[in-house]
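1. Quick check, what structure comes out for this input:
(one chain, ligands or ions: 1)
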Amino acid sequence: MTIQIITIDGPSGSGKGTLAAKLAEHYQFHLLDSGALYRLLGLSLHQKDLIDELDHQDVLEQSVTIATNLDIEFRATETGTLVILDGVDVTSTIRTERVGEFASKVAAIPVLRTALFERQRAFAQVPGLVADGRDMATAIFPEAKAKIYLTASAESRAERRVKQLQGMGLDVKIGDILANIQARDKRDMERSVAPLKPADDAYIIDSSTLNIDEVFNLMTTYVDAQFAN
Ligand code: DC
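-> Next up, the predicted model:
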């Protein structure tokens, strides 16, 4: 039986995570949150006091071994997926800005990306997979039949993030958030290894002025057509 693969790439804040989960539920496919793998590796290297030493060759080699053997589990529960590292629940820890910074460091190092390659490929299992990330279509699953690139203007992503943080009771300034997003976009798009860019044959959706249901409908229409071919 062939394994159907849907990739969703794009910048953070475009709604990728939410849409990927909705698609996985809709098609009853497995889900790969590849950003979580980078976050888990970043956290693990930080816990071992290695994250600031990656420019030393011996530390880098040790980190490759850690990446290859990372003890992680994505455990589905009624209230959502728990993320477990070395037997410890790190579901909320990996979402902090700090761990995001560790992940971003890890993501810029080619040998660590390579070390996570097989790990990501292993998520492809019958009947199918929704793979969410930055290079799912361009590097990890180039054979995917459905390749989606979800983007949104920096301004609309900043507005969404402000609402989300305000909902958590935090006092934030849109200008600061927007500047962060623009800096991260620049870093992601200009890095030499696996830069953020759509695959040549990707279906590009700009969600700036669309709600989740509208984006979801565009996606399923496209995916159904791709799988029918
Ligand atoms: O999507 P996210 O914020 O959880 O991703 C965390 C970091 O990992 C971010 O710096 C982008 C990077 N990343 C990547 O380089 N390639 C992926 N496939 C997924 C995430």
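2. For the helix or strand bottoming out on mean pLDDT in the chain, buried residues please.
-> Across the helices and strands of the chain, the lowest-confidence element by mean pLDDT, DSSP states H and E is helix 174-190, at a mean of 88. Neighbour-count burial for helix 174-190 flags 177-178, 180-181, 184-185, 188 (criterion: 16 or more other C-beta atoms under 10 Å). From N, CA and C alone the C-beta is placed, and that goes for glycine too.
3. Now distance to residue 97 too, for those, in a markdown table please.
-> Below are the buried residues of helix 174-190 laid out as a markdown table (distance: C-beta to C-beta, whole Å):
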| residue | distance to residue 97 |
| --- | --- |
| 177 | 11 |
| 178 | 15 |
| 180 | 9 |
| 181 | 12 |
| 184 | 11 |
| 185 | 16 |
| 188 | 16 |
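4. Could you report the neighbour count for residue 198?
-> By the criterion of other C-beta atoms under 10 Å, residue 198 has 17 neighbours.
5. now residue 33
-> Residues lying near residue 33 (other C-beta under 10 Å) number 22.
6. Assign the closest residue to it other than its chain neighbours to helix, strand or coil.
-> Spatial nearest neighbour of residue 33, excluding adjacent residues (C-beta to C-beta, 6 or more residues apart in numbering): residue 132 at 5.4 Å. For residue 132, the assignment made with DSSP: H, G, I helix; E, B strand; the rest coil gives strand.
7. Surely residue 132 and residue 30 touch.
-> No - under the criterion of C-beta atoms under 8 Å, residue 132 makes no contact with residue 30, lying 11.4 Å away.
8. Looking at these two now, which is surrounded by more residues?
-> More neighbours surround residue 132 than the other of residue 132 and residue 30, with 27 against 18 (other C-beta under 10 Å).
9. Residue 45 and residue 63 touch, don't they?
-> Yes - using C-beta under 8 Å, residue 45 is in contact with residue 63, at 5.7 Å.
10. Need the overlap of contacts for those two.
-> residue 54 (C-beta atoms under 8 Å, 6 or more residues apart in numbering).
11. Show me where this structure has its strands.
-> For the chain, the strands defined by DSSP state E cover 4-9, 30-33, 72-77, 80-85, 88-89, 128-133, 146-151, 203-206.
12. And the contacts of the fifth one?
-> The contact list for strand 88-89, computed with C-beta under 8 Å, 6+ apart, reads 82-83.
13. Just checking: what are the partner strands of it?
-> Using DSSP bridges, the strands paired with strand 88-89 are strand 80-85 (antiparallel).
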